[in-house]
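A.B. asks: show me the folded form of this:
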Amino acid sequence: MKLVQEVPPPQQEGQSELYIVATQFLNDLHMKGPLTLQIIQAGLLLSIYELGHAIFPSALMTIGHCARGGIAMGLHNSTYFTDLDASRSYLLSALCYDGLVTVDRELAAEGKKGMLAAIIGSVTTSFKREMWSRILTWDRKWLYIVTHFVQKGSAKPAGYLAAKSTRLDSKSSIGESKCSSSQPVIFATSISKYVFKKGRFAIPPERLLRASGLLRQDQKGEEKGVARPTDFQEHTSDSGVPDDIESERLKGMIYAESWNQLDSLHDELLKKDESINGVLAINHVGDITLPWKRFPTA
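C.D. replies: Alright, predicted model coming up:
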């Protein structure tokens with residue numbers, strides 16, 4: 001703190017004697033002492049001083065030490081949603097890219113204007129690191145993706161289908177996962193839902209999945225030709241979706257519908273009786289940096 005508050009004389013370089021002492025002391029703590037939050041805070045203060053006085057590359061190295069320390073202490077858990085965004089985006093890109101291109105051209109030919117995009121609707125996460133994403137289900141509007149954050153190595157795939165990861169385990173069959181224990185160690189489970197839109201036109205997820213080659217046509221669908229539009233909440237046998245895929249879709253809809261029921265929770269804010277009788281709040285805080293004031297007790 002003393003170093004950060006210090007203002008060196010105009011002729012003195014930023015690397016003053018106090019800076020050198022502080023740097024050596026922090027390095028000694030990194031080498032000998034246990035990692036603590038205080039050490040990370042000291043490192044951040046030192047990096048602020050280094051950045052302010054353009055001491056490079058020391059500033060970047062100090063920030064790097066703090067980042068590694070934060071990871072070691074588990075302070076990087078806020079990256080759950082950043083990692084989640086990368087995981088589900090990669091899944092959609094890998095599975096549906098060809099379908100997106102195909103449907104985009106079809107809609108352009110139909111006179112639909114605008115850019116085709118997959119837009120995230122909302123996310124719910126139940127915290128229980130490695131991430132496993134898959135398509136959970138879909139309805140007329142939304143495509144639901146479930147992601148599991150698992151302990152590294154507790155669940156292993158039989159192989160990888162990406163172009164640069166085509167290796168397969170000869171002892172395992174495709175689609176069969178290998179686990180080091182009977183059940184994977186799961187830290188968190190998240191569900192995300194996407195809507196596909198070209199301009200203001202919403203595209204049914206099934207159309208994209210079919211164009212991406214992810215939905216094979218069953219025998220009934222081939223006899224009847226193109227699958228007719230249906231209420232995706234209640235697929236019938238002539239919807240063109242094979243029975244085994246439809247069974248998995250309906251299984252996933254159980255969880256999706258449970259989540260959708262949370263939409264009615266918005267109506268629980270300031271209900272009629274609360275609006276009439278008034279609601280007491282603890283406080284109104286416009287800035288989270290303001291000091292907390294304990295409310296009076298009886």
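A.B. asks: C-alpha only now, for contacts and for neighbours.
C.D. replies: OK.
A.B. asks: would you map the strands across the stretch 151-298 of the chain?
C.D. replies: 186-198, 201-203 (DSSP state E, counting those that start in this stretch).
A.B. asks: which strands and helices sit next to the last one?
C.D. replies: So that's strand 201-203. Applying 3 or more C-alpha pairs under 8 Å, 6 or more residues apart in numbering; DSSP states H and E, we find strand 201-203 packed against strand 186-198.
A.B. asks: walk me through the domains of the chain.
C.D. replies: 2-72, 78-262 (automatic domain parsing).
A.B. asks: between those domains, which one is nearest to Lys271?
C.D. replies: Closest of the domains of the chain to Lys271 is domain 78-262, at 16.1 Å (criterion: C-alpha to C-alpha).
A.B. asks: what mean pLDDT does the closest one get?
C.D. replies: For domain 78-262, the mean pLDDT works out to 77.
A.B. asks: again with stretch 265-275
C.D. replies: Rounded mean pLDDT across stretch 265-275 is 69.
A.B. asks: helices of this structure, start to end?
C.D. replies: 2-5, 17-32, 37-52, 58-72, 80-109, 205-211, 219-224, 243-260, 272-277 (DSSP state H).
A.B. asks: any idea how far the nearest residue to Thr189 once chain neighbours are set aside is from Ile186?
C.D. replies: Leaving aside its sequence neighbours, Thr189 sits nearest to His148 (C-alpha to C-alpha, 6 or more residues apart in numbering; 4.5 Å). Distance, His148 to Ile186, using C-alpha to C-alpha, to the nearest Å: 7 Å.
A.B. asks: and Trp259, by the same measure?
C.D. replies: The value you get for Trp259 to Ile186, if C-alpha to C-alpha is used, is 20 Å.
A.B. asks: so between the two, which is more surrounded?
C.D. replies: Of the pair Trp259 and Ile186, Ile186 is the one with more neighbours under other C-alpha atoms under 10 Å, namely 18 against 13.
A.B. asks: quick one, what contacts that one?
C.D. replies: Lys128, His148, Phe149, Val150, Gln151 (C-alpha atoms under 8 Å, 6 or more residues apart in numbering).
A.B. asks: for ChimeraX, what selects the buried ones among these?
C.D. replies: Selecting the buried subset of these in ChimeraX, with 16 or more other C-alpha atoms under 10 Å as the burial test, is done by:
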select :148,149,150
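A.B. asks: mind checking which of the contacts of Ile186 are in strands?
C.D. replies: His148, Phe149, Val150 (DSSP state E).
A.B. asks: dump these to JSON lines, plus distance to Pro157.
C.D. replies: Output for the ones in strands among the contacts of Ile186, formatted as JSON lines (distance: C-alpha to C-alpha, whole Å):
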{"residue": "His148", "distance to Pro157": "14"}
{"residue": "Phe149", "distance to Pro157": "15"}
{"residue": "Val150", "distance to Pro157": "13"}
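A.B. asks: which of these sits closest to Ser58?
C.D. replies: Phe149 (34.9 Å).
A.B. asks: quickly list what that closest one is bridged to.
C.D. replies: As for beta bridges, Phe149 partners with Met131, Ala188 under DSSP bridges.
A.B. asks: is it true that it touches Thr125?
C.D. replies: No. The criterion here is C-alpha atoms under 8 Å, and Phe149 misses it with Thr125 at 10.2 Å.
A.B. asks: having no further points to raise, I will conclude here.
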